[in-house]
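Sequence plus predicted model, see below.
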Amino acid sequence: MSDSFDVVVIGGGPAGYPAAIRAAQNKLSVACIDEWKNRDGTAAFGGTCLNAGCIPSKALLESTELYHRAKEEFAAHGIKAPDVTVDVAQMQKRKGSIVKTMTQGILALFKAAGVTPLQGHGKLLSGHRVEFVGHDGTRRELTAKNIILASGSAPIELRSAPFQAPYIVDSWGALDFDSVPKRLGVIGAGVIGLELGSVWRRLGSEAVVLEALPDFLAIADQQLAKEALRGFKKQGLDVRLGAKVTGATVANGAVDVTYTDGKGEQKLTVDRLVVAIGRRPYTKDLLGPGTGVELDERGFIKVDHECRTGAEGVWAVGDCVRGPMLAHKGKEEGVMVADLIADRFAEVNYKTVPSVIYTAPEIAWVGLTEEQVKVGGKPYKVGVFPFLASGRARAMEQAQGFAKVIASKDDDEILGVHVIGPMAGELIAEAVLAMEYSASSEDLQRTIHAHPTLAEAIHEAALAADKRAIDSINR
Ligand code: FAD
Ligand code: AMP
């Protein structure tokens, strides 16, 4: 096998593997190196997202939401299901089989596209070279005109609450519990903490989420965040804000947690503690001497807006570079770089990267929050449509939440769209497309939406921005 390629990608997660496939589609010879190993020792492409992040978490969120609905909502539909029980082992088995199918699918995609998969460690050397050490110990030196670094991220450990499986775990550990912890602690009310807290709360855990910041979901539109917090509290998720964890120790099969809040030092004992305080770029043993690739003060690989590092022919994409740590952001960067290498036009519009939190109700947004628009000083208008007024949401027994459209008063440009409610993560795609095409709120208003659908909420919210909503009272 030749050790010379047009492109070598280091990292086979959602940033790296699409870069490899697109480069191959562009008729370049490509190898993709990935070192991921699952707990059972098997190697798998797909990175954090497919093996330990997006996909397994959504599998469990779906299962636990179905259980919750069977228990709490079926009666309202006239369905009697008094003996609904949970089989955690089966839930985990289903999750495992989805992950396996998806990760093996990447190998099939590589084969079809002509990408050479290499499972083991990759290290960038100077002079367009990459050292590869296979999981079987074989060592090779590859050369490539272009090298794409997509090494991803790793969970941040809290010094005062070091990981100690199975008691104090990261998000991957929390996705693998084999039974429902009676008392669960989660440190961090970010996206991952809320999703994992929801999974185990729905199965019966007494779940306490400790968040150091005084504001809930500070990154989101605060009208949305308030509605979300109300919903989580109603579900029994005990979210404590302004609660900074200062220590955690394992004793007698439980975890004693200390934290400080406005009233001083507090104590909490839980059976399992999940540390979900964020992720850091992962670049361990990635860069050899003299490569010219630089890291910033937080450890991210320094890149420009087109993901070029300081070294000629070396690019970096995904969680290991600046920007939101999201699979779809990494994917678009990977595809952009593969097209730029092939001299094709490509760019990533960082203003329209959607965010989704897959809790119930779901939370999704794109563009600016109302708080950000306010700070910008531009005159703006807001339209809100509650799902209570949506026939489809009512039929689904899912009428909590609303859609909100923020548009410029001057030229009607859509500045941000925020949705909390059923299928918000799917609904936001329309808003992303609208903003990608620089649509006005009038464009949304004049677009026909099928009735009855959840998507009508975005239509009506756009109308409400001009006080022309039909199905809710204009205020
Ligand atoms: P990764 O997915 O981390 O992949 C990097 C790969 O590179 C890994 O396989 C790693 O082993 C390999 N690697 C690293 N260094 C080397 C080396 N030197 N040699 C060889 N291989 C190497 N994002 C979303 O958009 N939606 C979600 O719903 C979502 N849910 C999440 C839920 C959880 C619990 C977690 C933890 C994350 C979630 N994320 C979600 C974030 C998402 O997983 C990441 O943004 C995404 O995986 C980043 O992709 P990446 O390719 O940059 O890195
Ligand atoms: P995210 O980065 O979105 O995954 O969110 C992580 C969250 O963890 C942030 O909201 C942080 O404020 C929070 N956090 C970080 N350190 C602590 C701590 N010691 N105690 C409680 N919350 C924390």
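Structure received. Residues are numbered from 1 along each chain as shown. Ligands and ions are numbered 1, 2, ... in the order given.

who touches Arg201 in this structure?
Counting by C-beta atoms under 8 Å, 6 or more residues apart in numbering, Arg201 makes contact with Leu184, Ala207, Gln235, Gly236, Leu237. Where C-beta positions appear, they are placed from N, C-alpha and C, glycine not excepted.

wait, what's in contact with the fourth one?
Under the criterion of C-beta under 8 Å, 6+ apart, the contact partners of Gly236 comprise Arg201, Glu206, Ala207.

Compile the contacts of Arg201 into CSV and extend it with columns for pLDDT.
Shown next, in CSV, are these (pLDDT from 0 to 100):
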residue, pLDDT
Leu184, 98
Ala207, 98
Gln235, 94
Gly236, 96
Leu237, 97
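
And the contacts of Gly236, which is closest to ligand 2?
Closest to ligand 2 out of these is Ala207 (14.6 Å), distances taken as C-beta to the nearest ligand atom.

Leaving out sequence neighbours, find the closest residue to the closest one.
Nearest residue to Ala207 in three dimensions, chain neighbours excluded: Arg201, at 4.1 Å (C-beta to C-beta, 6 or more residues apart in numbering).

and the chain, which residues reach ligand 2?
Contact residues, the chain versus ligand 2 (C-beta under 6 Å from any ligand atom): 158, 187-192, 210-213, 244-245, 276-278.

Can you tell me which residue sits nearest the middle of the chain?
Leu326 (4.8 Å; C-alpha atoms, centre = their mean).

hmm, back to that, of the contacts of Arg201, select the buried ones using a PyMOL command.
Entered in PyMOL, the line below selects the buried ones among the contacts of Arg201, by 16 or more other C-beta atoms under 10 Å:
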select buried, resi 184+207+237
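
Filter the contacts of Arg201 down to the ones in strands?
Leu184, Ala207 (DSSP state E).

Among the contacts of Arg201, which pair sits farthest apart?
By the measure C-beta to C-beta, Leu184 and Gln235 form the most distant pair in the contacts of Arg201, at 13.5 Å.

circling back to that earlier point, so what's the residue nearest to the centre of the chain up against?
Val353, Ser355.

interface residues of this structure facing ligand 1?
10-16, 33-36, 47-49, 53-54, 57, 121-122, 150-153, 171, 192, 282, 286, 318-319, 325-328, 330, 358.

The same query, at a cut-off of 5 Å, please.
10-11, 13-15, 33-36, 47-49, 53-54, 57, 121-122, 150-152, 171, 192, 286, 318-319, 325-327, 330 (C-beta under 5 Å from any ligand atom).

Which one of the residues in the stretch 101-250 of the chain is closest to ligand 2?
Gly190 (2.2 Å).

That residue and Val275 touch, don't they?
No - counting by C-beta atoms under 8 Å, Gly190 stays clear of Val275, with 11.3 Å between them.

more crowded one of those two?
For the pair Gly190 and Val275, the greater number of neighbours falls to Val275 (25 against 20), based on other C-beta atoms under 10 Å.

Filter the residues of the chain next to ligand 2 down to the buried ones.
By 16+ other C-beta under 10 Å, these give 158, 187-192, 210-212, 245, 276-277 as buried.
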